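> Please work out how this folds:
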Amino acid sequence: MRQRSRGRATLAAVAAMCAVAALPGQAYGAGSPASYTFDPDAEAVSGAEISTDAPSLKSGSVYKSSIKVHQKLYYRLNLDAKTNAYVSAVVVPKGGGKVAYGDGITVSIRDSSDLQCSSQDARFQSAEYPRPIAAYAYRTVNKDSSSCQGAGTYNVLIERESEDTSGPQDWDLELRYASEPQLAKGGSTPTEAPEDWPSASPPPPSPATDNRRHGGSSYYDATSLETGEWKDEIAPGQTLFYRVPVDWGQQIFATAGLGNSTAPDADDYISGAIAMSLDNPARGHVDAASPMAYKGEPAVVSLDPVPPVAYENRFASDSSVSAMRFAGWYYLSVTLSPEVAKPYGSKPFPLTVSVKVDGKAGATPYAGDAGIFGVTQDDRDLARSGQSGPQAAESRSSNMKLVGAAGIGAGAVLVLGLGAWVLLARRGAATAPAGTGDSGQQPFGGPPQAW
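Residues are numbered from 1 along each chain as shown. The predicted model follows:
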């Protein structure tokens, strides 16, 4: 019994340590601006300036690349005639660089004859400071279209545009290639984009009881949020990432508010100080709030209303509507201009992120597992707990290790108990009076039972 108590105490201590390690947001400090965290599974790849030399990308994979000023880079896709393909590029300017209004990239997918299937650009615009921005392109199968429909080789082309006043540094790229699941057979989906939807912002959500969550440094480690008002801190030059599960038929609203400065006698006007962006599960850009100026007083930026998630949104000509084409994790990023530090100091500023997911979740149009283009109960649980993807994976790993340790501990105790029983049996046999050795009686009630 003493050994059993010790084993239980040890397992309880291990469980407590794992629980502490899994607390949401605790792995991140709210101090100085952090660098962008690339997906650790990203494979290094170099784009080619000649299309015939382009490296192939694999569906479901993530890549890390880079692009020089005014460079055009090709990557290759091998597509069938029935799967929708999406390739996104996240631009990550290196620290200390300078960007201008027109700087950015254009991502396009082209067939073997260089006919463009689709394209999207990402620009820094009036928020003229380095930060991660994203764009995507896609090849979708449409029976009413005659272009980009066949199986074969397609090219992804990424083009960088930079003003003469911009910095000459290379930009890092995080590339992601995802394939959309097939539609369920026998199901029907509308083929025209909706003409109207609820555009009035709902009442702001109530603050959660424990409403402090610190944003991640990239899409990879974005902090999970659900409907609520969440408190954070952001330093000048820092970009924070959050992700929100938005299911079919649901609509997302978001605002970001910066608190006032306590710097004495500082009232400088910083234009475009706060930038906020929304991206979809394929890392495609949905919309950006108009960058808000800051002059030491509370300031708020809000996203314009976007439509509820629907498959038919893809047929819209408006890119903000078209990007709301599938369910999954939607990503919010908030950046504070480094220029704010000059008059107001470099210490973190109080930040409030308000998120509202409105509407009842609908059924998926896909057959089988939707992958990143769906919302699961596990996703909703992560949004409730505030864990990022890596934190959730670490928590699962810790739990498996705990289960393994418990199994090994119980096995060790059982082996020790059996050994003790055998030793006692041998001693009993050696000291037993003649004629009692075959009685069939086990010493001390028989061998120990496993618990």
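> For the rest of this, base every contact and every neighbour count on C-alpha atoms.
OK.
> so where's the chain uncertain?
1-34, 187, 207-209, 396-451 (pLDDT under 70).
> where exactly do the helices run in it?
Using DSSP state H, the helices found in the chain span residues 2-21, 319-322, 341-344, 377-385, 389-431.
> quick one: Thr223 from Tyr138, how far?
27 Å (C-alpha to C-alpha, to the nearest Å).
> One more: Ser46?
Distance, Ser46 to Tyr138, by C-alpha to C-alpha: 21 Å.
> ok, those two, which is more surrounded?
Neighbour count, other C-alpha atoms under 10 Å: between Ser46 and Tyr138, Tyr138 has more, with 25 against 15.
> The closest residue to the more buried one other than its chain neighbours bridge partners, please.
Once flanking residues are discounted, Tyr138 sits nearest to Tyr86: 4.4 Å by C-alpha to C-alpha, 6 or more residues apart in numbering. Beta-bridge pairing for Tyr86 (DSSP bridges): Tyr138, Ala178.
> what sits against Tyr86?
By C-alpha atoms under 8 Å, 6 or more residues apart in numbering, the residues touching Tyr86 are Tyr136, Ala137, Tyr138, Arg139, Arg176, Tyr177, Ala178, Ser179, Glu180, Ala282.
> Keeping just the C-alphas, turn stretch 212-225 into CSV.
Provided in CSV are the C-alpha atoms of stretch 212-225 (Å, rounded to 0.1, in the frame of the first residue of the first chain):
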residue,chain,number,x,y,z
ARG,A,212,-6.4,37.5,-21.1
ARG,A,213,-4.9,35.8,-24.1
HIS,A,214,-1.6,36.7,-25.8
GLY,A,215,-1.4,36.5,-29.5
GLY,A,216,1.0,34.3,-31.4
SER,A,217,3.8,35.4,-33.7
SER,A,218,2.6,33.7,-36.9
TYR,A,219,-0.2,31.7,-38.5
TYR,A,220,1.5,28.6,-37.1
ASP,A,221,1.2,29.5,-33.5
ALA,A,222,-1.8,31.8,-33.6
THR,A,223,-3.8,31.9,-30.4
SER,A,224,-7.3,30.4,-30.6
LEU,A,225,-10.2,32.6,-29.7
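> Would you mind pulling the contact partners of that stretch?
By C-alpha under 8 Å, 6+ apart, stretch 212-225 touches 24-25, 28-30, 34-39, 230-233, 239-245, 331, 355, 382-390.
> Would you mind checking those residues for buried ones?
Using 16 or more other C-alpha atoms under 10 Å as the burial test, the contacts of stretch 212-225 include 24-25, 30, 34, 36, 38-39, 230-233, 239-245, 331, 355, 382-383, 385-389 as buried.
> Those residues in strands, which ones?
Members of the buried ones among the contacts of stretch 212-225 lying in strands (criterion: DSSP state E): 230-233, 239-245, 331, 355.
> Determine which two of those are furthest apart.
Glu233 and Pro245 (22.5 Å; C-alpha to C-alpha).
> So which residues of the stretch 51-200 of the chain form strands?
Here the stretch 51-200 of the chain has its strands, by DSSP state E, counting those that start in this stretch, at 61-67, 72-79, 85-93, 104-110, 116-123, 133-139, 152-161, 171-179.
> which other helices and strands contact the longest one?
So the one you mean is strand 152-161. Judged by 3 or more C-alpha pairs under 8 Å, 6 or more residues apart in numbering; DSSP states H and E, the packing partners of strand 152-161 are strand 72-79, strand 104-110.
> Could you give me the buried positions within the longest one?
Judged by neighbour count using 16+ other C-alpha under 10 Å, the buried positions of strand 72-79 are Lys72, Leu73, Tyr74, Tyr75, Arg76, Leu77, Leu79.
> got a list of what the second one touches?
Shown here is Leu73, whose contacts under the criterion C-alpha under 8 Å, 6+ apart are Gly47, Ala48, Glu49, Ile50, Ile67, Leu157, Ile158, Glu159.
> 6 Å instead, please
Residues near Leu73 by C-alpha atoms under 6 Å, 6 or more residues apart in numbering: Gly47, Ala48, Glu49, Leu157, Ile158.
> any idea how far Ala275 is from it?
The value you get for Leu73 to Ala275, if C-alpha to C-alpha is used, is 28 Å.
> same question, the fourth one
Tyr75 sits 30 Å away from Ala275, going by C-alpha to C-alpha.
> now the first one
As defined by C-alpha to C-alpha, Lys72 lies at a distance of 27 Å from Ala275.
> again with the third one
Look at Tyr74 and Ala275: by C-alpha to C-alpha, they are 30 Å apart.
> related to what we said a few turns ago, tell me the one of the ones in strands among the buried ones among the contacts of stretch 212-225 nearest Thr262?
For these, the nearest to Thr262 is Glu233 (14.4 Å; C-alpha to C-alpha).
> now that closest one, nearest residue through space, not along the chain?
Among residues not flanking Glu233 along the chain, Pro350 sits closest, at 4.6 Å (C-alpha to C-alpha, 6+ apart).
> Verify the contact between the one you found and Gly259 for me.
Yes. Assessed by C-alpha atoms under 6 Å, Pro350 is found in contact with Gly259 at 5.1 Å.
> Between the two, which contacts overlap?
In terms of C-alpha under 6 Å, 6+ apart, Pro350 and Gly259 are not both contacted by any residue.
> Distance to Glu339 added to the contacts of Tyr86, as JSON lines?
Converted to JSON lines, these look like this (distance: C-alpha to C-alpha, whole Å):
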{"residue": "Tyr136", "distance to Glu339": "29"}
{"residue": "Ala137", "distance to Glu339": "33"}
{"residue": "Tyr138", "distance to Glu339": "36"}
{"residue": "Arg139", "distance to Glu339": "40"}
{"residue": "Arg176", "distance to Glu339": "32"}
{"residue": "Tyr177", "distance to Glu339": "35"}
{"residue": "Ala178", "distance to Glu339": "37"}
{"residue": "Ser179", "distance to Glu339": "40"}
{"residue": "Glu180", "distance to Glu339": "41"}
{"residue": "Ala282", "distance to Glu339": "31"}
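> Top of those by number of neighbours, please.
Tyr136 (30 neighbours).
> Verify the stated contact: that one with Val90.
No. Here Tyr136 does not reach Val90: they are 8.7 Å apart, not a contact under C-alpha under 6 Å.
> any idea how far Asp358 is from Ser277?
Asp358 is 19 Å from Ser277, by C-alpha to C-alpha.
> Ser320: how many residues sit nearby?
Ser320, neighbours per other C-alpha under 10 Å, totals 22.
> neighbours of the residue nearest to it when sequence neighbours are not counted, just the number please.
Nearest non-adjacent residue to Ser320, counting by C-alpha to C-alpha, 6+ apart: Val286, 4.8 Å away. Per other C-alpha under 10 Å, the neighbour tally for Val286 reads 21.
> circling back: of the contacts of Tyr86, which is the nearest to Gly371?
The closest of those, once distances to Gly371 are taken by C-alpha to C-alpha, is Glu180, at 8.6 Å.
> What does the closest one show for phi and psi?
With angles defined as degrees, to the nearest 10, Glu180 sits at phi -80, psi 140.
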